[in-house]
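*Asks:* using only what follows, build the 3D model:
(2 chains)
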Amino acid sequence: MWNSLKTMWIVFLHMFRRRVTIQYPDEKPNIPPRWRGRIILSRDPDGEERCVACYLCAAACPVDCIALQATEDEHGRRYPEFFRINFSRCIFCGYCEEACPTDAIQLTPDFEMGEYNRKNLVYEKEDLLIDGTGKYPGYNFYRVAGATIGGKNKGEAENEAPPVDPHSLLP
Amino acid sequence: MATIHIDNRPYPAKDGENLLQECLSLGFNLPYFCWHPALGSVGACRQCAIKQFKNEEDKRGKIVMACMTAAKDGIRISIDDPEAKEFRTSVAEWLMVNHPHDCPVCDEGGECHLQDMTVMNGHVYRRYHGRKRTFHNQDLGPLVNHEMNRCIQCYRCTRFYRDYAGGRDLDALMLRNQVYFGRHQDGVLESEFSGNLVEVCPTGVFTDKTLKRHYTRKWDLQTAPSVCVHCGLGCNTIPGERYGVLRRIRNRFNGAVNGYFLCDRGRYGYEFVNSERRTRQPLLRKNRTEPLQLASKRDALQHLGEMLSGRARVIGIGSPRASLEANFALRTLVGRDRFYLGISERDSRLLASVLDILKKGPARTPSLHEVELADAVLVLGEDVANTAPRLGLALRQSVRRQPEKIAKKMDIPLWDDHAVRAAMQEEHGPLFIATMANTRLDDIATRTFRGPPAELARLGLAIAHALDPIAPQVPDLSDTTQALASAIAEKLMAAERPLVISGMGCGDNAVVEAAANVTWALCNMGRAAELCYVVPECNSLGAMLLGGGSLETALEAMNDAADILIILENDLYRRGDAAMVDRLLAAARHIVIIDHIEHATSAKADVVLPAATFAEADGTLVNNEGRAQRFFQVFVPKGEIEGDIKGDTPRDIPGDIQESWRWMRDIMVAGRGDERQWSSLDDVTAACAAAIPFLEPILRAAPPAAFRMDGQKIPRESHRYSGRTAMHANVNIHEPEQPHDPDTALAFSMEGYLGHPPPSLISRFWAPGWNSIQALNKFQDEVGGQLSGGDPGERLIQATPGKKAAYFENIPPGFEPRPGEWLLLPLHHIFGSEELSILAPGIAELSAQPYLALNPEDASNLGLTAGDEVQLRLRAQTDVTADGSAADGSANAATTPAEIFRLTLRFKPGLLHGTAGLPVGLTGMGNLAGVALPAWGELKKV
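*Replies:* Model prediction:
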């Protein structure tokens, strides 16, 4: 008897507590920026694709839901010919983001991806690529790497000495 | 055997071997860069530092380089010593100072020895923040990509390219921290072994340029053990596939055959599998006048069934580039006496002669590894560098055998590469090259001899006579030739392991017989002589072992009114005279061809069935040594995929491409209704071995399909194969089942036995911490030796030592130049002469254009210079044989109207006066492609 009254009292007290439940979808939850939601591909500060198709995200993916194919433009800049994520398999573990050496692949706070048709959960590069740098502003892999691309020759990356002339006799 | 103490534990080791090799053989992970099992030690990279102690009491010890220290009994060393470890880590750190931040875009990434060693050393954080040294890259041609920034100056590339492979155009330039490895200027690497730089380079300076066009990481490739199909040597390879496209070829170590290296034709010829000229669907026409139309497999088989039903008489033409199983299936389909080999009468005689000599003679035929061990070599008539390139590389090693004695006398261990080379200077062991024109091996030859086949044969016979007086004497021999023959005989007699190399390259049986005479003379004089014949195609010997007549005999049989001609993986226009092939094809009421590429013969067929290439089929090939080797299917060819992600009905259409033997089985079922119980390759192999007892060892070439390791199949995909749930998702969201493989113990899957499989089933070389090709060390009992469990392949042909063989008595008359006529000799090209590799764009780019070659003097006598157009008129087709008679059967010697060809003139030094050279097999040769050379022709300036 006493126990029942005590329980009712506690329930009564809860009426005056702050509500935790929110009225989703009428009310949107506040998702922290490091939430592991829908995956995007970002661009570098110059507006070029950041992804260099190194296949590390695909290798890191525990459910093997990332498939891509590397290709190069005429100046040697490598990028994915296609980049596909099968979100019906994705477990949003974030390993791909961790593996990415160029900050290209990022997980975002968007989780609203429900579909009636499973097919529509297959995202191609056009669906994944955003226009900005995402969470990591400033980084541009090709400015650091030694590989040449259009507009950046040998010796023009950060911290690089001008190229050695192998025909020179000077010490 | 010595006992060495590593970190206070005793281990057995080979006395006098270097400690690095011994530590690796014992399974220790000791990092290294400059050392390579085939190249020896130079101690350049300072990476394999260990501590050596004087005795048990010595606790201080001194740091030594493991690769430069010999293993002696009782030696005490430490790998785990903290000081040695720190030393190694700092070496890795120095090497990484200038290394660019390239791994994500570097093709070596994921199979990079530098990555592995850096991780092994525990160098995880870059402390250097200064400026990095940079270099410009060079364009090294269509096969090898150059990215010099990544270099760590280990010198492996130049040591392989110059010292091992004899190349001259790649070297180290500049000095101190600016050493540059490249050519003096941009240009195609001259050596035909340049592709090995990709595997020799421990990092990404030299990478595979053909892979770059369709780049895939090592872990994403589906791979299987395979055998190269681009010449007769049967080098072992590992092709890799992704998304239905063959991506690259890597070397598969086989201690007895190719060892660590492949030639560029074998490494880069693979792209024919992806070629536009592939046949991927059955083609059919009910009427000769109509064009070929795409047909379904069912329709094609139904049509064939109708054709074959009743009393249709069928003739089958096999192929030396198809597997034993495919040829045998055709032989079973048409019957033994109606099966023909698909090679010209001349080639068939040459092959028969080669096979007969190897089977019946006292001389053993050496493996490629044994060629490297030979200490005196005579090459008779074969341009080895072009017809069997990897054999040329073995010969470059064989000339080191005698000079190595100088180093041995000076107590220099043979692994101490720089010291050995310094001791040897420019000494070369005896290598005599007698060929029709200059070869790329001439730079290491002791003496060379140039002449048309008849002269080569006479030289060989003269050597045999000089060795053994019982051997027939050659009349009317010039004094210089006689002197040369005596000199060669003397050197061969003085050698411990003399070797004679010849082959079908100059198209003359007398040369083949002369080589046998030389070897037999050596055997009769008590020498353990070896005899190596080069055969033109990957299964030439295998096809010959099955037996069957030539094209000419097939034509005779066709003339006896046969209805249907079934041609297996063969372009007859490359085999025989165009007019003869025309007659053969015209005589057939129906022509069925089963091949993987389109060509002149398939254009004339009524039914074309898409066959599987080496990468899409399993089978057995017999190489020039008589070694039966199994190649395994790498991937299941896809059909055309319809529908896309937004389409309503995405569906997979299974491909129609299947193994040739499966087509034969289907035809047998459709046509005759006689259900062969052939459900897997093993059934065909077993039937083949049962029908031809000599082929019985092929059953042991690889484990059968029922073979399991721990109850599991062996996976073709790595355990880190990626994208399984996404790669087909654009077509169908439901993941397809992995294809079954009823034919082999391998699975098209990443699941299965993860340990080391038997040597013939190794799909990739990988070990924990060893992602690069250097993981191979873990698959050998003794690093640099054979694979654990023995090298794959079963030798079919065993010599009978001590047997007295009767010498060939046929002596051809000497060559007489004819006024106004030229003896046209076949000139082979590593890039271009082979039918399949020429379809690879990289190889095609390096291939020569059709030409006619003369020596500069003859050309100037005719008033011609290089680049001029020449008119060539062939004499009526009669085969030139040793005895000078027409070799063709009388029925087929019908003279063809003399055709006139226009060719560009090129100089070829070394061609004898009165002879001219014609390239073999190049595209654009038209009707010249099937002409049997040597042949006489007239030249005229246009």
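
*Asks:* list the contacts of residue A:89.
*Replies:* Counting by Cβ atoms under 8 Å, 6 or more residues apart in numbering or on different chains, residue A:89 touches A:63-65, B:725-726. In short, each C-beta sits where N, CA and C put it, glycine included.

*Asks:* now render those as TSV, adding pLDDT, secondary structure and neighbour count.
*Replies:* Listed next are the contacts of residue A:89 as TSV, based on pLDDT from 0 to 100; DSSP: H, G, I helix; E, B strand; the rest coil; neighbours: other Cβ atoms under 10 Å in any protein chain shown:
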residue	pLDDT	secondary structure	neighbour count
A:63	96	coil	14
A:64	95	coil	20
A:65	96	coil	26
B:725	93	coil	20
B:726	94	coil	27
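
*Asks:* need these in TSV with distance to residue B:347, can you?
*Replies:* Formatted as TSV, the contacts of residue A:89 follow (distance: Cβ to Cβ, whole Å):
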residue	distance to residue B:347
A:63	55
A:64	50
A:65	54
B:725	51
B:726	50
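
*Asks:* longest helix in chain A, please.
*Replies:* Assignment by DSSP state H gives helix A:2-14 as the longest helix of chain A.

*Asks:* distance from the chain centre to the helix or strand that comes right after that helix, please.
*Replies:* The element immediately downstream of helix A:2-14 (helix or strand, assigned by DSSP states H and E) is strand A:39-41. Centroid displacement of strand A:39-41 relative to its chain, using Cα atoms, centre = their mean, to the nearest Å, is 4 Å.

*Asks:* related to what we said a few turns ago, nearest to residue B:596, of the contacts of residue A:89?
*Replies:* Of all the contacts of residue A:89, residue B:726 has the smallest distance to residue B:596: 29.8 Å, by Cβ to Cβ.

*Asks:* from the centroid of chain A, which residue is nearest?
*Replies:* Nearest to the geometric centre of chain A sits residue A:106, at 1.2 Å (Cα atoms, centre = their mean).

*Asks:* what pLDDT does that one get?
*Replies:* On pLDDT, residue A:106 comes in at 96.

*Asks:* ok so it is a helix residue?
*Replies:* No. Under DSSP: H, G, I helix; E, B strand; the rest coil, residue A:106 sits outside any helix and is assigned strand.

*Asks:* which SS class is the residue in the stretch 1-150 of chain B that chain A sits nearest to?
*Replies:* Nearest residue of the stretch 1-150 of chain B to chain A: residue B:100, at 2.6 Å (Cβ to the nearest Cβ). When classified by three-state DSSP, residue B:100 comes out as coil.

*Asks:* contacts only, for it.
*Replies:* Taking Cβ under 8 Å, 6+ apart as the contact definition, residue B:100 lies against A:145-147, A:157, B:132, B:134, B:149-150.

*Asks:* at 10 Å what do you get?
*Replies:* A:144-147, A:154, A:157, A:160, B:106, B:132-134, B:147, B:149-150, B:204 (Cβ atoms under 10 Å, 6 or more residues apart in numbering or on different chains).

*Asks:* got it, and residue B:483?
*Replies:* Per Cβ under 10 Å, 6+ apart, neighbours of residue B:483: B:462, B:477.

*Asks:* my read is it is in a helix, agree?
*Replies:* Yes. Under three-state DSSP, residue B:483 falls within a helix.

*Asks:* quick check: it vs residue B:466, distance?
*Replies:* As judged by Cβ to Cβ, to the nearest Å, residue B:483 and residue B:466 stand 10 Å apart.

*Asks:* let me see the ranges of the strands in chain A.
*Replies:* Along chain A, the stretches classed as strands by DSSP state E are A:39-41, A:66-72, A:78-86, A:105-107, A:122-123.
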